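Visitor: show me the folded form of this:
(chains A and B)
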Amino acid sequence: MAIIARKGSQLVRKHREQKERKKAQHKHWELAGTKLGDIMGVKKTEDADRSGGKAVGEDGKVDYRAEQKFADHMRDKSEASSDFAKKKTLLQQRQYLPIFAVRQQLLNIIRDNSIVIVVGETGSGKTTQLTQYLHEDGYTSYGMVGCTQPRRVAAMSVAKRVSEEIGTNLGEEVGYAIRFEDCTSEKTLIKYMTDGILLRESLRESDLDHYSAVIMDEAHERSLNTDVLFGLLRDVVSRRTDLKLIVTSATMDSDKFAAFFGNVPIFHIPGRTFPVDILFSKTPQEDYVEAAVKQGLQIHLSGLIGDILIFMPGQEDIEVTSDQIVERLEDLENAPALTVLPIYSQLPSDLQAKIFQKAPDGVRKCIVATNIAETSLTVDGIMFVVDAGYCKLKVFNPRIGMDALQVYPISQANANQRSGRAGRTGPGQCYRLYTQSAYKNEMLTTTIPEIQRTNLANVVLLLKSLGVQDLLLFHFMDPPPEDNMLNSMYQLWILGALDNTGSLTPTGRLMVEFPLDPALSKMLIVSCDMACSADILIIVSMLSVPAIFYRPKGREEESDQVREKFSVPESDHLTYLNVYMQWKNNNYSSNWCNDHFIHTKAMRKVREVRSQLKDIMVQQRMNLISCGSDWDIIRKCICAAYFHQAAKLKGIGEYVNVRTGMPCHLHPTSSLFGMGYTPDYIIYHELVMTTKEYMQCVTSVDGEWLAELGPMFYSVKQAGKSRTENRRRAKEDIINMEEEMSMAEEQLQARREEQDKKTNTGTVKVVKICTPGRKDEAPMTPRRTPARFGL
DNA sequence: CTATGTCCG
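Guide: Below is the predicted model of the structure:
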């Protein structure tokens, strides 16, 4: 009943909104008229002034000034342009790269120093050539040359290219390693890999004895793994004088990198890109969606040739922007054809592939993207970039143990990366929908590195298993906030991975074996004792991939209804299990996925993860048993690893966090959402602040389970005799053991102070992070009006 | 009572 009412009212509202919006738009266009200048608010740029300085539009609302010429650091991996490739041999192509001119100098400086920072601009050829130069210079005679990449695709494609250049089969002299795929052999001399792989390797072999040289490519992106490797490799090099470390960096932070590694030399390799004109908005834009739509259309109607790339923070904005461009273009007479293509990572791959297809002759492409187009995928033929100036960032707040996924202004580094996307195949233009003063004064030079804004439980576990005694003294380039480290250690203590002295327990050592977040590893370990490991294995696998359910625009109701068929009323975890079992019963069919609004790609990955985890379990002699249909056992097992993330029912549909007392909400996608069934206690997998504090993926639990499984948090005041009595009392008398919590924290704090006294080196620096929700700390917090756009 | 940026093991 409740469901029907909810769906019904929603339908009506949506429909009404749509009608209203249409009406309002018509009004808008009648008022605005159809004169080009009026609609765009900008004069047509027949002859865009490329020399800089001159205003492009004089009388419009959106107004730009050419400010500077700009060539960016962009990744130009391996692909040479096709006609060039036809004419030249591989060797000639290699010699044409800018890095070739400085080859000997580079090798000399590497010979003379253990660590070198290389500033390699886009198109310099560093990624493909550095490894080969080291190989040619004899470094592979006593070990491998390793090269890390932040992304898998990069590791694979570069390895392929280099193996062709050397003239061997991929996987022999030149190979790569990524999760699920080790394409190397005993013959391998040059090994490309993701930075996560090298990190895992250092667990087995802390001095990296197999390597004679390690190149950390794209280090300026500062991925979590890169930052941990920084600290580790710095020490490895001091122990092993025969190991060479080469770290690539962007110009802006090369000095910082050099200082971190001990004032090591910086070597600069020029790049080869086309100039990009940067045009800033003269006035701040109130609504970046509106501004982007106008700018996109203005470029399109200017008659200049070339595809357009628009950067937006998220899926919703992308959809609104795309729709608006299409709609407004339809209202114009004789407008040239334009294909508008959205792209973001959650988009199914067949739709993603569209952006790489060539548009029909005379049709311009306009790609509307998240920052996926900033580094992860490169589209050729982009001449115009429109940059809204925002991105979404996940920031972890250790105090309340919650992530916040919110829109933040981008950094200058992001902005430069984005504009560089217009200069890949020819000179281009970048329209920034923010003022030059905002760029200079309000934007950070670089994005806050991931290590300072993420949950560190995994990093802490890893470093502990590497024998790092005091994590607060570990040499990070940018140390994470102390709160964050302490919180992670505390969390690991709760999970039984660390003992009271902060050392790794046997459970902790077992947890390290799994490429999972600690709580998930714990769940897997506990499940073996509770005889439901086969089922938990599936749930864990489902939880370690991104979104399973697909909710396409325009078919929201339909997909929601299909999803409800899978829903297990008391648990999202069990709902996931249910989905997997049904998929399995349908022979892992991709058609079945499509019919049920489920991401095929995600499910395939679940299967891969499951198989990898299963191998580890077998190797660790953990038994695989299913509990059949006794799903209470499964819920109890989940509770055993997540009791620290519990919420108590407060009112109808209202929950409060048991530990912090903070109100939390069920996410609308939860099986428990909007149902008549409202359990007294639930545990949640994740707490994320978006528009509200949402618990994502929840399972109902018995109050007494919490007391039984999380005795350091909860206790039942008086134990009754019967089960029902127990349960009743548990519901009434659950106490949050705040004192014990703070005791553990004090213990950690005391330890830290003790260490501080021993070494007053001041290596620990706490960096304040912009607290989510504090508007005064985010000067460029955008006015988000896209939902009401056009009204 | 309503929605999630990008990666990695």
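
Visitor: helices along the stretch 551-700 of chain A, start to end?
Guide: Here the stretch 551-700 of chain A has its helices, by DSSP state H, counting those that start in this stretch, at A:556-566, A:572-585, A:590-595, A:600-619, A:631-642.

Visitor: DNA strand B is nearest to which of the ones you listed?
Guide: Proximity to DNA strand B (CB to the nearest atom of the strand) singles out helix A:556-566 among those, at 6.3 Å. The way it works is simple: take the backbone N, C-alpha and C, and place the C-beta from them, glycine included.

Visitor: in that closest one, which residues are buried?
Guide: A:559, A:560, A:562, A:563, A:566 (16 or more other CB atoms under 10 Å).

Visitor: what's that helix packed up against?
Guide: Other elements packing on helix A:556-566 under the criterion 3 or more CB pairs under 8 Å, 6 or more residues apart in numbering; DSSP states H and E are helix A:2-32, helix A:572-585.

Visitor: now that helix, how far from the centre of its chain.
Guide: 27 Å (CA atoms, centre = their mean, to the nearest Å).

Visitor: output it as PDB, restricted to C-alpha atoms.
Guide: Taking C-alpha atoms only, helix A:556-566 is exported to PDB below (Å, rounded to 0.1, in the frame of the first residue of the first chain):
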ATOM      1  CA  GLU A 556      13.200   5.800 -13.400                       C
ATOM      2  CA  GLU A 557       9.800   4.300 -12.400                       C
ATOM      3  CA  GLU A 558      10.300   1.300 -14.500                       C
ATOM      4  CA  SER A 559      13.700   0.500 -13.200                       C
ATOM      5  CA  ASP A 560      12.600   1.100  -9.600                       C
ATOM      6  CA  GLN A 561       9.800  -1.400 -10.000                       C
ATOM      7  CA  VAL A 562      12.100  -4.100 -11.400                       C
ATOM      8  CA  ARG A 563      14.500  -3.500  -8.600                       C
ATOM      9  CA  GLU A 564      11.800  -4.000  -6.000                       C
ATOM     10  CA  LYS A 565      11.300  -7.500  -7.300                       C
ATOM     11  CA  PHE A 566      14.800  -8.400  -5.900                       C
END
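
Visitor: any idea of the mean pLDDT for that helix?
Guide: The average pLDDT for helix A:556-566 rounds to 88.

Visitor: likewise for stretch A:685-696?
Guide: 91.

Visitor: is it up against DNA strand B anywhere?
Guide: Yes. Judged by CB under 7 Å from any atom of the strand, stretch A:685-696 comes into contact with DNA strand B through A:688, A:690, A:691, A:692, A:694, A:696.

Visitor: turn the helices of the stretch 551-700 of chain A into CSV, including distance to residue A:120.
Guide: Formatted as CSV, these follow (distance: least, CB to CB, whole Å):
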stretch, distance to residue A:120
helix A:556-566, 45
helix A:572-585, 43
helix A:590-595, 40
helix A:600-619, 32
helix A:631-642, 44
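
Visitor: can you name the residues of the stretch 151-300 of chain A that neighbour DNA strand B?
Guide: So the stretch 151-300 of chain A meets DNA strand B at A:151-153, A:178-179, A:194-197, A:200, A:223-225 (CB under 7 Å from any atom of the strand).

Visitor: which of the buried residues of helix A:556-566 are close to DNA strand B?
Guide: Okay, of the buried residues of helix A:556-566 touching DNA strand B (CB under 7 Å from any atom of the strand), that's residue A:560.

Visitor: could you say which of the helices of the stretch 551-700 of chain A is packed most deeply?
Guide: helix A:631-642 (a mean of 22; mean count of other CB atoms under 10 Å).

Visitor: what mean pLDDT does it get?
Guide: 94.

Visitor: rank the helices and strands packed on helix A:556-566 by mean pLDDT and give me the bottom one.
Guide: helix A:2-32 (a mean of 32).

Visitor: circling back: of the residues of the stretch 151-300 of chain A next to DNA strand B, grab the buried ones for ChimeraX.
Guide: To isolate the buried members of those in ChimeraX, using 16+ other CB under 10 Å:
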select /A:151,152,178,194,195,196,197,200,223,224,225
